[in-house]
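*Asks:* Curious how this folds, go ahead:
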Amino acid sequence: MTKIRRMNNLLKADGRTLIVAMDHGSNAGAPHGLVDPGETISKVKAGGADAVIVNYGVAKKFAKELAGLGLILRMDLSPSLLGQGHASTLIYGVEQALEVAADAVIINAGPGTGVEEITHPNLAKIAAECSRWGIPVIAEPSPGGFDSDPEIRTLENISLASRIACELGADMIKTIYKPGFERVVQDCFVPVVVLGGSKTNDYQAFLASIKEAIDAGAAGVAIGRNIWGYEDPTKMTKALAIIVHENKTVDDAMAILRG
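*Replies:* Next up is the predicted model:
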């Protein structure tokens, strides 16, 4: 199988994708909404998710529930809630991706002292290995690394981090949205999707930021806590799907949440 065929399992005919990130368990345990991964997978699939990001254990245990979704395997381990630092550790290789029939793999990266020395070589290594097997690599570049200081996450630094990830061989970028996101899209030569960030209860503002990202050229979203942490993950997935794939308005999406 080539990268093109696997990428088509993630990006739909409109060139966009709605990815649900469910990989938080490897650093946060079992947060509300991820206690039963199989149940959550079924709910987001019913809402129209195109793909999910999961850890190796979930990919092995819930293969039946994952059928019909693009499968993105997390390859690295970020510091746990009790850990320190901002650099993620590479723990899996292409063999594990092939074992669970992953459509792509994902890995953290980012410029910054104490982080880039570890994460950039990891990204380059995985990109080279996966290229030989036709497996796309999604980079998750964050200035300063995983869970870094918000002050370092400027538009300029996000663009820098994303472009470096492209140069190291990433086939898709998952990164932080900021106003002026057109610059990030312009500076990358692969599709860029936006992450959802921290859990919020301001759903109008959250959906508005997603709409702005899509209008700025994002190829979709890769959102976790604001989908599976919502009271009805199926509804939130549907609301996001009509923004991503149907160019609907925030009011249209809010109507789904209220329905």
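
*Asks:* buried ones in stretch 141-154?
*Replies:* By neighbour count on 16 or more other CB atoms under 10 Å, the buried set for stretch 141-154 is 141-146, 148, 152-153. C-beta coordinates here come from the backbone N, C-alpha and C atoms, glycine included.

*Asks:* Mind checking which of these land in strands?
*Replies:* Mapping the buried residues of stretch 141-154 onto strands (DSSP state E) picks out residue 141.

*Asks:* okay, the buried residues of stretch 141-154 in a markdown table with distance to residue 122 and pLDDT next?
*Replies:* Output for the buried residues of stretch 141-154, formatted as a markdown table (distance: CB to CB, whole Å; pLDDT from 0 to 100):
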| residue | distance to residue 122 | pLDDT |
| --- | --- | --- |
| 141 | 12 | 97 |
| 142 | 14 | 96 |
| 143 | 17 | 96 |
| 144 | 16 | 94 |
| 145 | 12 | 90 |
| 146 | 12 | 89 |
| 148 | 17 | 90 |
| 152 | 20 | 95 |
| 153 | 20 | 96 |
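
*Asks:* What is the nearest of the buried residues of stretch 141-154 to residue 40?
*Replies:* Proximity of the buried residues of stretch 141-154 to residue 40 (CB to CB) peaks at residue 146, which lies at 22.2 Å.

*Asks:* wait, what's in contact with the closest one?
*Replies:* 78-79, 86-88, 108, 110 (CB atoms under 8 Å, 6 or more residues apart in numbering).

*Asks:* quick revisit: name the nearest of the buried residues of stretch 141-154 relative to residue 64.
*Replies:* Closest approach to residue 64 among the buried residues of stretch 141-154 (CB to CB): residue 146, at 30.8 Å.

*Asks:* pLDDT below threshold where in the stretch 101-250 of the chain?
*Replies:* For the stretch 101-250 of the chain, no stretch is flagged by pLDDT under 70.

*Asks:* can you map out the helices along it?
*Replies:* For the stretch 101-250 of the chain, applying DSSP state H, counting those that start in this stretch gives helices covering 116-133, 155-167, 182-187, 203-215, 225-228, 233-246, 250-258.

*Asks:* So which of those has the densest surroundings on average?
*Replies:* helix 225-228 (a mean of 24; mean count of other CB atoms under 10 Å).

*Asks:* which stretch among the helices of the stretch 101-250 of the chain comes nearest residue 12?
*Replies:* helix 233-246 (6.7 Å).

*Asks:* ok, and what's touching the closest one?
*Replies:* Taking CB under 8 Å, 6+ apart as the rule, helix 233-246 contacts 12, 14, 16-18, 20, 33, 40, 43-44, 46-49, 207, 210-211, 214, 220-221, 223, 226-227, 230, 248-250, 252-254, 256-257, 259.

*Asks:* when you compare where that helix runs with where helix 250-258 runs, what's the angle?
*Replies:* For helix 233-246 against helix 250-258, the angle by axes from the mean of the first three to the mean of the last three CA atoms, to 10 degrees is 160 degrees.

*Asks:* chain center to helix 233-246, what's the gap?
*Replies:* Mean-position distance between helix 233-246 and its chain equals 16 Å (CA atoms, centre = their mean, to the nearest Å).

*Asks:* Now that helix - C-alpha only, PDB.
*Replies:* Provided in PDB are the C-alpha atoms of helix 233-246 (Å, rounded to 0.1, in the frame of the first residue of the first chain):
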ATOM      1  CA  PRO A 233     -19.600  13.400  21.600                       C
ATOM      2  CA  THR A 234     -21.800  12.300  18.600                       C
ATOM      3  CA  LYS A 235     -23.400  15.700  18.500                       C
ATOM      4  CA  MET A 236     -20.100  17.600  18.800                       C
ATOM      5  CA  THR A 237     -18.600  15.500  16.000                       C
ATOM      6  CA  LYS A 238     -21.600  16.200  13.800                       C
ATOM      7  CA  ALA A 239     -21.400  19.900  14.500                       C
ATOM      8  CA  LEU A 240     -17.700  19.900  13.500                       C
ATOM      9  CA  ALA A 241     -18.300  17.800  10.500                       C
ATOM     10  CA  ILE A 242     -20.700  20.300   8.900                       C
ATOM     11  CA  ILE A 243     -18.100  23.000   9.300                       C
ATOM     12  CA  VAL A 244     -15.200  20.900   8.000                       C
ATOM     13  CA  HIS A 245     -16.900  19.200   5.100                       C
ATOM     14  CA  GLU A 246     -20.000  21.300   4.300                       C
END
